[in-house]
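Undergrad: sequence? don't have it. structure:
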């Protein structure tokens, strides 16, 4: 039941692959569980300010607390996350995603064909009409899934409910499959009360794909909490001499994360005479086997490549290494890079997604000119030449994310906008 004098936000998590939880969820999860959100929701947190005429109705509307209703695709992982959300006072519900419910998927497809519907029915969005929230939040994990929210958007229009879209990831060369798909995407994007982008280049990718500039765009940022910064600040800086411990942090996904480019860029005579190892942190057994195969193919000695399975103690792994190497081919703004920079580690990266917003070349890291392996190899050469400056650049990297990627700033902005848009 909706609390009295509150504004209801119905948030649909991403429609990514099983188990329906990845880095894209951290952005909204941290917001709705942030103690700042609960403080901002207290009736006495923002006293009304009267206008010159004595009218305080607008500020009174903004003082109404936000009640989040979160809907998650069901999996063992999201069930555990749901318990944490409920502990923070969030109303949580689950739905059986088509990816794991074959019969329901096909029944809905047959019904859509019989009724000649042009928009695919995803029944979990029917709750928009039942709850009639003050605002709907669609969290989209990538442009490849963008049209999956079309049915939900249609229901928002039908019930006169404003909606937000938050895009977490985009391929640099993304385009829709047809003019009709591009037009549908344009209608969805321009109809949003606010379209939140985590990376400026993600906005450019979508605007190019639909051929429109989005006047409702808002640029936010992935960020760390004060507690996460405290842990990162406890990581000691490393020296600039001796054996170089390079690392890549994240799941094995060469089409997005570009781990194969690391192996290829480190092949060759120059790197044979240097004292280094490259660690892949967070890859599974299948990913390790693939990387080892690539190493053998490019002639990189096996002892140069080391592997660490998924770990919850990311800070400990960062502390053991010197420089992050992330030659991504598609990105939002990677949390792995933010965490590493917060711990005082400079990074090598590609001009993709939000990486250029994190890496200031030769100040906080080394930015490759393109995603071509030759340009990545050139960035690694500059990194090696700057070895004496690694500690100084690590300090600059830490300061950069402390200022630009902290949740105290991003959450304050988002809460103000959510209250304003939900009250409109």
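TA: Structure received. Predicted model, so just to flag it, every value in this text is computed and none were measured.

Undergrad: For the rest of this, base every contact and every neighbour count on C-alpha atoms.
TA: Fine.

Undergrad: Outline the domain layout of the protein.
TA: Domain ranges of the chain: 7-223+406-423, 226-404, per automatic domain parsing.

Undergrad: Arrange the ones you listed in JSON lines, one row each, with mean neighbour count and mean pLDDT as further columns.
TA: Shown next, in JSON lines, are the domains of the chain (neighbours: other Cα atoms under 10 Å; pLDDT from 0 to 100):
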{"stretch": "domain 7-223+406-423", "mean neighbour count": "17", "mean pLDDT": "87"}
{"stretch": "domain 226-404", "mean neighbour count": "19", "mean pLDDT": "96"}
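
Undergrad: In contact with residue 37, which residues?
TA: 31, 411, 415 (Cα atoms under 8 Å, 6 or more residues apart in numbering).

Undergrad: Residue 249 now?
TA: 280-282, 324, 326, 336.

Undergrad: swap the cut-off to 7 Å and go again
TA: Contact analysis of residue 249 by Cα atoms under 7 Å, 6 or more residues apart in numbering lists 280-282, 336.

Undergrad: And those, which is closest to residue 35?
TA: Distance to residue 35 across the contacts of residue 249 (Cα to Cα) is lowest for residue 336, with 23.6 Å.

Undergrad: what's the closest non-adjacent residue to the closest one?
TA: Nearest residue to residue 336, sequence neighbours excluded (Cα to Cα, 6 or more residues apart in numbering): residue 249, at 6.1 Å.

Undergrad: Give me the contacts around stretch 146-163.
TA: Contacts for stretch 146-163 (Cα under 7 Å, 6+ apart): 119-122, 125, 128-129, 133-137, 140, 185, 188, 192-193.

Undergrad: hmm, 6 Å instead?
TA: The contact list for stretch 146-163 (Cα atoms under 6 Å, 6 or more residues apart in numbering) reads 121, 125, 135-137, 192-193.

Undergrad: Quick check: what element follows the host helix or strand of residue 79 along the chain?
TA: For residue 79, the host element (DSSP states H and E) is helix 76-87. Per DSSP H and E, the first helix or strand lying C-terminal to helix 76-87 is strand 91-95.

Undergrad: Centre of the chain to that next one, how far?
TA: Its chain's average C-alpha position is 21 Å from that of strand 91-95, according to Cα atoms, centre = their mean, to the nearest Å.

Undergrad: next one: stretch 147-156
TA: Put simply, stretch 147-156 sits 21 Å off its chain's centre (Cα atoms, centre = their mean).

Undergrad: got it, and stretch 213-223?
TA: The mean C-alpha position of stretch 213-223 is separated from the chain mean by 13 Å, Cα atoms, centre = their mean.

Undergrad: Can you give me the end-to-end span of it?
TA: Taking Cα to Cα, to the nearest Å, stretch 213-223 runs 26 Å from one end to the other.

Undergrad: tell me the SS of residue 300?
TA: coil (DSSP: H, G, I helix; E, B strand; the rest coil).

Undergrad: Look up how far residue 376 lies from it.
TA: Residue 300 sits 16 Å away from residue 376, going by Cα to Cα.
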